[in-house]
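Trainee: mind looking at a prediction? Sequence and model below.
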Amino acid sequence: MHDERRRIEERVQRLHDQRIKPAIYAASVPFEVDAWQAPGEPVPFEEAAAAPYEPFAMDTPWGPPWGTTWFRMRGQVPAEWAGRRVEAVIDLGFIGDWPGNQAEALVHTADGTPLKAVNPLNQYVPIANPAAGGEQIDYLVEAASNPDILAKNFSEITLMGDIRTAGDKPLYTFQRADLAVLDETVFHLDLDIQVLRELMEELGEHDPRRHEITHALDRAMDLLDLDDVAGSAAAVRAALAPVLAKPANASAHVVSGVGHAHIDSAWLWPIRETKRKTSRTFSNVTSLADEYDDFIFACSQAQQYEWVRDNYPQVWARIQESVKKGQWAPVGGMWVEADGNLPGGEAVARQLIHGKRFFIEHFGVETKGVWLPDSFGYTAAYPQLAKLAGNEWFLTQKISWNQTNKFPHHTFWWEGIDGTRIFTHFPPVDTYNARFSGEEMARATRNYQEKGLANRSLAPFGWGDGGGGPTREIMERARRLADLEGSAKVVVEHPDTFFAKARAEYEDAPVWVGELYLELHRATYTTQARTKQGNRRSEHRLREAELWATTAALHAPGYAYPYEKLDRLWKTVLLHQFHDILPGSSIAWVHREAEAEYARVAKELEELTAEAVTALGGGEARAFNTSPYDRAEVVRTATGVPMYVEVPAGGSAPLAVARPPRPVTVDGRVLDNGLVRVEVAEDGTLASVRDLRAGGREVLADKGNLLRLHTDLPNYWDAWDIDKHYQNRYTDLLDTVSVEVADEDPLLASIRVERSFGRGSRITQTITLRAGSPRIDFETDIDWHEAEKILKAAFPVDIRAAHSSAEIAYGHIQRPTHTNTSWESARFEVSGHRWVHIGEPGYGVAVINDSTYGHDVSRTVREDGGTTTTVRLSLVRAPRIPDPEADQGKHRFTYALLPGATIEDAVAAGYSLNLPLRVADSAGVTAPVVSVDGAGVTVEAVKLADDASGDVVVRLYESSGGRAQGVLRTGFPLAGAEFTDLLERPQSTAEVRDGAVALELRPFQILTLRLKRA
């Protein structure tokens, strides 16, 4: 037989694209359109309805960047259309090939009822099926002219990312606003051909099934009347029916599809636009559910539901109805899809608490899984935290983006740092915006790593980020692919159903231990430093406010615990942990607003904490210690005078010298407090750090606190990525403006180093040593004006460390310092929270910080045979896409070197630096709410129970990585205690003896105790 595939395929393509698709709408008449452009920010429907409209013609430019234009569309269904399926078809002038992040619209009836959105691949609004003829249509359409920030694939700097710099030139040209008749036969023919063409193209050239489809399409095209496509469409469909009816192979891969619309809570648009995106997409989803009984939609992020509830009550009511019908599946159980590395342990817990509780309270649904398809790596604390919130499974997809190593599993058990395991799945379709194309189905089958042992995977389908979510075309594809020879089989079902089936067929799935490190987007640990600092400070201020509010509620008559304020402030911080806000990968507008929100949160939390401390009564000046560790350190009084105090964990002490420590001495550029001796070189680096407690051991192997400025231009994704070649080009900042003594007090001494460099940047560092502490602080002020650079601070330490330990949520993780394999080599930039520790048997050093996350650790052997292990903190970057002014301007933060540190010392120092002692007047001694005896048992949160019962909730964990025993005592009469899950629901009774609770924890175990007051 002659090979005529090329002729046939080209014939089918032309007839399909040029004749069949244009015939989907059989007839159309234009709407009468008027327009009104809102002056500034979006307005409510009532204001838009009363606005003055002017006539508007098609092919007219409209929509300045970030603007809102309301269109009034009026029309009448022609009488001759009676009995036909009639729709409105609206094309705002969509551009590009990405259906999200551009123009969108929400169509309302004249009384303000939201009907459905209009998106690039979802341009219709149902009117009647069948139409009676003569229906009067009156719509008000709110259209958003959002700029396409991705228009040039992040290859060019753009000012479109902020309304202040975007200009006012119209971005779009309106193309169509019609009443139209949908020819359902042609509509279905179009999809028949799409599915068969795409399947044919994925099958091998020697596969008989490919040839069968090819010739079936050829024969069917013979039946198409080019002068009457609509009249011949039924015959063409009938000719294709046999080839569409052939069942799939018995061993075909099974794809569990679930509707999805991944909507970033902010990214290339501000939060205010996400509030509208959710309403549009959710309107589409509920409309599609009315049309397809077999449709199921999975949706995460309780914050987005709350926005819709508060701003679009009619859409909210439709969501509630869809949940009741089983067509809408709340998933994820988190407030937002947060970054997977940077939030602190308690913040991750609150993400789960607030998310799960929202779905329980509003839908009666307890979600069973964590849904994080798009975050940039995942902390090894997740398995335990997810399980403690009542979850059974975990889903992500992002690890498939690895730059170097292919992850070996798609379905597996993920084991966290404490030993907890959770059943985990990565969709092999490698997208969370599937459309069931032939290529996607072939890719899911081809990629799937568990072949021969399991045979099913998940595919979230639908257009995200304002693309409108799942469409009827995708649902029709799913129906055709349910049982089709040559393809994977598609079944639309709830994620819980998929995970139950997947676990049942693969209970003995392999185990992955430790973090899920993404070998990409490593710069998200550093970019937009002020946003990251705002998060870190907010997390600690929330801890402080909760502790002292609880103390006041227990001991100050008349004091009311601020439940609602704390709840609101927590939710604000949780929102800004979203995986494109906290990582620093959003447009300028988002980060400008984030910094303002963090400032507001700081002000409110400062007021709440001050109110709580004041409620304890006036009196002598005292130091308040929010840290879970006893502290003996120097603090400045309200007048700036240094004082040395000893303060119990979670308690307070008067500002009186508890015991005079050995004073700090200054000799030129040498600081000495009897514990360490620090010598600052002429170039402002550390020439020497000697640990006098270890016989004068020299800590450094080379210049310490060496500031190195690297060229930093990744191959792509500027704000997200730092590529390995950044290491090859750099400048060491050794020139100084001045090096001089700044403070010379027996309790506190410091040397100030000033430098200027680059494009007018300036850095001032105050190197401080305090009496009684080996910690050396580097209080840093930067005025940053560089472009495409990264600044690192290096501490080369004379230690042979086999691994580094970095704090993560509720524990720490060890990472090798060698690069034996490609897996270790790919971890050239990693994340940590408050500290990084390196050590060899008998001695260790920690680097502490109060706001940064990115760092690297490397090891080399010197000519003298010794080993240098270098810890480098990533301080600030200067990417220009998507925010051309990212990180520009002033930064203030502190990091510290802690010689002779154990892991336990690093943990305590991390709390100390991030929770400075608070100085305030107080009536006198107040016992800490709780105190714990037992090494490694660390209190992370103290608060009143969320149900306003007055019970005290304490969350604690084992922080050193070993087994721990301890005793928890209370500063109030204790009637009873229960161990609970994260949602404060009782799990078991804790034994109370003599007013105390005995504790036993495995390594990194988290416990939540609910304490009942007598």
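Mentor: Right, received. Where do you want to start?

Trainee: C-alpha from now on. contacts and neighbour counts both.
Mentor: Noted.

Trainee: secondary structure element for Arg318?
Mentor: Assigned by DSSP states H and E, Arg318 belongs to helix 313-325.

Trainee: and the next helix or strand past that helix?
Mentor: strand 328-330.

Trainee: ok, that following strand: who's next to it in the sheet?
Mentor: Strand pairing for strand 328-330, using DSSP bridges, gives strand 297-299 (parallel).

Trainee: what's in contact with the partner strand?
Mentor: With C-alpha atoms under 8 Å, 6 or more residues apart in numbering as the test, strand 297-299 has contacts from 258-261, 285, 327-332, 494-495.

Trainee: now, among those residues, which is nearest to Ile751?
Mentor: Gly332 (49.9 Å; C-alpha to C-alpha).

Trainee: next up, the contacts around the closest one.
Mentor: Contacts of Gly332 (C-alpha under 8 Å, 6+ apart): Cys299, Ser300, Gln301, Gly355, Thr367, Lys368, Gly369, Val370, Trp371, Leu372.

Trainee: which strands and helices sit next to the helix holding Arg318?
Mentor: helix 271-291, helix 302-311, strand 328-330, helix 345-363 (3 or more C-alpha pairs under 8 Å, 6 or more residues apart in numbering; DSSP states H and E).

Trainee: who wins on neighbours among the contacts of strand 297-299?
Mentor: Gly259 (32 neighbours; other C-alpha atoms under 10 Å).

Trainee: that one: what's it in contact with?
Mentor: Neighbours of Gly259 in contact, by C-alpha under 8 Å, 6+ apart: Phe295, Ile296, Phe297, Ala298, Pro460, Phe461, Gly462, Gly469, Pro470.

Trainee: Asn284 versus that one, what's the distance?
Mentor: 12 Å (C-alpha to C-alpha, to the nearest Å).

Trainee: now, which of the contacts of Gly332 lie within helices?
Mentor: Among the contacts of Gly332, the members found in helices (DSSP state H) are Gly355.

Trainee: just the contacts of Gly332 now: which is nearest Ser858?
Mentor: Leu372 (30.8 Å).

Trainee: the closest residue to that closest one other than its chain neighbours - how many residues pack around it?
Mentor: What sits nearest to Leu372 in space, not counting adjacent residues and going by C-alpha to C-alpha, 6 or more residues apart in numbering, is Thr396, at 5.0 Å. Residues lying near Thr396 (other C-alpha under 10 Å) number 23.

Trainee: residue contacts, Thr396?
Mentor: The neighbours of Thr396, taking C-alpha under 8 Å, 6+ apart as the test, are Trp371, Leu372, Pro373, Asp374, Ser375, His425, Phe426, Pro427.

Trainee: can you do 7 Å?
Mentor: By C-alpha atoms under 7 Å, 6 or more residues apart in numbering, the residues touching Thr396 are Trp371, Leu372, Pro373, Asp374, His425, Phe426.

Trainee: Pro628: which of the helices and strands packed on helix 313-325 is closest?
Mentor: helix 345-363 (13.8 Å).

Trainee: contact partners for the residue most central in space within the chain?
Mentor: The residue lying closest to the centre of the chain (C-alpha atoms, centre = their mean) is His579, at 2.1 Å. Contacts for His579 (C-alpha under 7 Å, 6+ apart) come out as Glu337, Ala338, Asp339, Ser375.

Trainee: show me which of those is closest to Ile903.
Mentor: Once C-alpha to C-alpha is applied, the member of the contacts of His579 that ends up nearest Ile903 is Asp339, at 25.6 Å.

Trainee: check contacts around that closest one.
Mentor: Ser375, Phe376, Gln577, Phe578, His579, Leu582, Pro583.

Trainee: phi and psi next, for the first one.
Mentor: Here the main-chain torsion angles of Ser375 (degrees, to the nearest 10) amount to phi -80, psi 160.

Trainee: any idea how far it is from Glu337?
Mentor: 7 Å.

Trainee: got it, and the fourth one?
Mentor: Going from Phe578 to Glu337 by C-alpha to C-alpha gives 6 Å.

Trainee: then the third one?
Mentor: Computed as C-alpha to C-alpha, the Gln577 to Glu337 distance reads 8 Å.

Trainee: okay, now the sheet partners of the lowest-mean-pLDDT helix or strand in the chain, with direction.
Mentor: Lowest on mean pLDDT, DSSP states H and E among the helices and strands of the chain sits strand 918-922, with a mean of 89. Strand 918-922 sits in its sheet next to strand 620-624 (antiparallel), going by DSSP bridges.

Trainee: where along the stretch 451-600 of the chain do the strands fall?
Mentor: Secondary structure of the stretch 451-600 of the chain (DSSP state E, counting those that start in this stretch): strands located at 456-461, 489-492, 511-513.

Trainee: can you lay out these as a markdown table showing mean neighbour count and mean pLDDT?
Mentor: Formatted as a markdown table, the strands of the stretch 451-600 of the chain follow (neighbours: other C-alpha atoms under 10 Å; pLDDT from 0 to 100):
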| stretch | mean neighbour count | mean pLDDT |
| --- | --- | --- |
| strand 456-461 | 28 | 98 |
| strand 489-492 | 24 | 98 |
| strand 511-513 | 16 | 98 |
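
Trainee: still on that earlier bit, ok, the contacts of Gly259 vs Gly976, which is closest?
Mentor: Ala298 (40.6 Å).

Trainee: and the residue nearest to that closest one when sequence neighbours are not counted, how far from Pro114?
Mentor: Leaving aside its chain neighbours, Ala298 sits nearest to Ala329 (4.6 Å; criterion: C-alpha to C-alpha, 6+ apart). According to C-alpha to C-alpha, Ala329 and Pro114 sit 21 Å apart.

Trainee: likewise Gly167?
Mentor: Taking C-alpha to C-alpha, one finds Gly167 at 30 Å from Pro114.

Trainee: which of those two has more neighbours?
Mentor: For Gly167 versus Pro114, neighbours defined as other C-alpha under 10 Å are more numerous around Pro114 (23 against 13).

Trainee: beta partners for the more buried one?
Mentor: Assigned bridge partners for Pro114, using DSSP bridges, are His108.

Trainee: verify the contact between it and Val107 for me.
Mentor: Yes. Using C-alpha atoms under 7 Å, Pro114 is in contact with Val107, at 5.9 Å.

Trainee: buried ones in the stretch of helix or strand Ala610 belongs to?
Mentor: Element membership of Ala610, judged by DSSP H and E, is helix 588-615. The neighbour-count check on helix 588-615 (16 or more other C-alpha atoms under 10 Å) flags 588-591, 594-595, 597-598, 601-602, 604-606, 608-615 as buried.

Trainee: what angle sits between that helix and helix 271-291?
Mentor: What separates the directions of helix 588-615 and helix 271-291 is an angle of 100 degrees, with axes from the mean of the first three to the mean of the last three C-alpha atoms, to 10 degrees.

Trainee: now helix 588-615: average pLDDT?
Mentor: In this model, helix 588-615 has a mean pLDDT of 97.

Trainee: what about the strands in the stretch 51-200 of the chain?
Mentor: Secondary structure of the stretch 51-200 of the chain by DSSP E, counting those that start in this stretch: the strands cover 54-55, 61-62, 67-76, 85-91, 104-109, 114-118, 124-128, 136-145, 172-173, 176-182.

Trainee: contacts made by the second one with the rest, please.
Mentor: Strand 61-62 is touched from outside by Pro170, Leu171, Tyr172, Thr173, Phe174, with contacts defined as C-alpha under 7 Å, 6+ apart.
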